[in-house]
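Engineer: Please find the sequence and the predicted model below.
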Amino acid sequence: MNFQNEGSGFADNKEKDVKKTNPFSENKSLFSEIDSENPELFKGRMPLENEPPAMYYGRINFERNILGKLASKKLFWMSGLVSGLLILLIALTYGSVFLVSFNLYLFDESIYDFLNYLMMFVQYLVFFPIIFLVAKINLKTKTKEFFVKPKVRFSYVLRWTIISMAAVYIVSFVFSFFFMILEALGIYVNNSEGMAPQSLPEFIAYFFIVVICAPIFEEILFRGFIMTGLMKFGSWYAAVVSGILFGVFHLNHQQMFFAAAFGVILGFVDIKAQSILPSIFAHFCLNGFSFLTSVVYSFITTEDGTILEGEPIALLLNGLLSMIVFAFIFAGILTLIFEFVLNKKQFRLKRNDCGMTSKAVYFANPITIIFIILAFVLIMLNSFIPLG
């Protein structure tokens, strides 16, 4: 009797994978992908015809070891690709920043803000598409595949948008307190908020860049190409790694930690929804509220960032914004408790079906090591080292 095709063999998984085209699907099988690339190596999980028990168990152990090595090799390659993409994007972005700074010697300083906004447009409308093209070629995933109808209700997306925004504010408060302690100990901390629009054209440009471009392009890269590319190694693994990379990519202490928490939650929601649209919506809401806050503060604060004295409306608006933030936090905590109590099983995401012993191989790639060093240096320069 031939047992080769009985049971849950590798070929069964491969056939299921062919039917699944959604890149967010948890049914991605690293097991069957490796099997399809090595058709002569894996013979199936059940004993072959007339295969002695000792030979069967020996073969299974051998195939499992080979499977782990091939899986580690795939993760090693994926790590290098992701780090290479981020290094390229950082190089393009900082190269444009250098050009802006250099042009200060050629043009009047009044053109500096214009050049900054121009380079931010170039970053999203030129640099990000270049990265998408490279990712598309290597990962064989099309951008349009991310934009499918979510497989969850809008109420679910709305609840997790509130939870994610609450997480942003909580993490931000915690680390703000931590950096206040560092300052009290005499350690320099750069608390500059970056570009602050002043005129109507600047507000329009800032809105388009921060509220429209950032949610779309950043989500395509991190929750799209990067996370879906890692999902075959485990869904939670993909959500956490892509979220941490999203935080590190901000390259400053003001945004790095809350962006990482935000990214992990958005990854979880996108996997459940099997679409990138929920994370774009949540990202749009967070950046939209941040934009609204910056507009209000531009009218109620002085140049050094302090609230206008003797202006009741300034104090009222400042208090109102603070109340809205605390309302988000309170609502987010209650919503998370609600989700955990009533939908506890939803927090389970699929692990990879491959017998890899360790995911630490991701950090063994030389390109990833270079990215970590580069990111660390830039974070230190942007956050803790006074320049000029």
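Structural biologist: Structure's in. What do you need?

Engineer: From here on, just use CA atoms for contacts and neighbour counts.
Structural biologist: Noted.

Engineer: Where do the helices of the stretch 201-350 of the chain begin and end?
Structural biologist: Assigned by DSSP state H, counting those that start in this stretch, the stretch 201-350 of the chain shows helices spanning 214-219, 227-230, 235-249, 253-273, 277-300, 312-342.

Engineer: Output the contacting helices and strands for the fifth one.
Structural biologist: The reference is to helix 277-300. helix 154-184, helix 200-207, helix 214-219, helix 253-273, helix 312-342 (3 or more CA pairs under 8 Å, 6 or more residues apart in numbering; DSSP states H and E).

Engineer: Touching the second one from outside, list them.
Structural biologist: What it means is helix 200-207. Helix 200-207 is contacted from outside by 117, 197, 288, 291, 295, using CA atoms under 8 Å, 6 or more residues apart in numbering.

Engineer: looking only at pLDDT, what's the mean for that helix?
Structural biologist: In this model, helix 200-207 has an average pLDDT of 86.

Engineer: Flag every buried residue along that helix.
Structural biologist: Across helix 200-207, burial judged by 16 or more other CA atoms under 10 Å covers 202, 203, 205, 206, 207.

Engineer: low-scoring pLDDT stretches of the stretch 51-200 of the chain, where are they?
Structural biologist: For the stretch 51-200 of the chain, the stretches flagged by pLDDT under 70 are 100-111, 193-196.

Engineer: give me the number of residues near residue 359?
Structural biologist: 15 (other CA atoms under 10 Å).

Engineer: cool, residue 186 as well?
Structural biologist: Residues near residue 186, counting by other CA under 10 Å, number 9.

Engineer: That one in helix, strand or coil?
Structural biologist: Assigned by DSSP: H, G, I helix; E, B strand; the rest coil, the conformation of residue 186 is coil.

Engineer: ok, now how distant is it from residue 180?
Structural biologist: For residue 186, the distance to residue 180 equals 10 Å [CA to CA, to the nearest Å].

Engineer: for residue 331, same thing?
Structural biologist: For residue 331, the distance to residue 180 - CA to CA - is 27 Å.

Engineer: who's more crowded, the two?
Structural biologist: More neighbours surround residue 331 than the other of residue 331 and residue 180, with 17 against 13 (other CA under 10 Å).

Engineer: Just list the residues touching the more buried one, thanks.
Structural biologist: Here residue 331 is in contact with 162, 163, 166 (criterion: CA under 8 Å, 6+ apart).

Engineer: wait, which of the residues you listed is closest to residue 337?
Structural biologist: Ranked by distance to residue 337 (CA to CA), the contacts of residue 331 are led by residue 163 at 10.0 Å.

Engineer: ok, now which ones touch that closest one?
Structural biologist: 329, 331, 332, 333, 335, 336.

Engineer: And the contacts of stretch 214-222?
Structural biologist: Residues contacting stretch 214-222 (CA under 8 Å, 6+ apart): 124, 128, 132, 143, 146, 242-243, 245-246, 276, 279-281, 283-284, 287.

Engineer: let's see 6 Å
Structural biologist: Here stretch 214-222 makes contact (CA atoms under 6 Å, 6 or more residues apart in numbering) with 242, 280, 283, 284.

Engineer: now it: mean pLDDT?
Structural biologist: Stretch 214-222 comes out with an average pLDDT of 97.

Engineer: okay if I get the contacts of residue 331 as TSV plus distance to residue 49?
Structural biologist: Output for the contacts of residue 331, formatted as TSV (distance: CA to CA, whole Å):
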residue	distance to residue 49
162	57
163	55
166	59
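
Engineer: which one of the residues you listed sits closest to residue 265?
Structural biologist: For the contacts of residue 331, the nearest to residue 265 is residue 163 (8.4 Å; CA to CA).

Engineer: As TSV, the helices of the stretch 201-350 of the chain with distance to residue 362 would be great.
Structural biologist: What follows is the helices of the stretch 201-350 of the chain, written out as TSV (distance: least, CA to CA, whole Å):
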stretch	distance to residue 362
helix 214-219	22
helix 227-230	11
helix 235-249	10
helix 253-273	18
helix 277-300	25
helix 312-342	31
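
Engineer: Out of the ones you listed, which gets nearest to residue 96?
Structural biologist: Closest to residue 96 of the helices of the stretch 201-350 of the chain, according to CA to CA: helix 235-249, at 16.3 Å.

Engineer: ok so, going back, of the contacts of helix 200-207, buried ones?
Structural biologist: Using 16+ other CA under 10 Å, the buried ones in the contacts of helix 200-207 are 117, 197, 288, 291.

Engineer: And the furthest pair within those residues?
Structural biologist: Among the buried ones among the contacts of helix 200-207, 117 and 288 lie farthest apart (CA to CA), at 17.9 Å.

Engineer: how far away is residue 238 from residue 74?
Structural biologist: From residue 238 to residue 74 the distance is 14 Å (CA to CA).

Engineer: if you count what's nearby, which of those two comes out ahead?
Structural biologist: For residue 238 versus residue 74, neighbours defined as other CA under 10 Å are more numerous around residue 238 (23 against 17).
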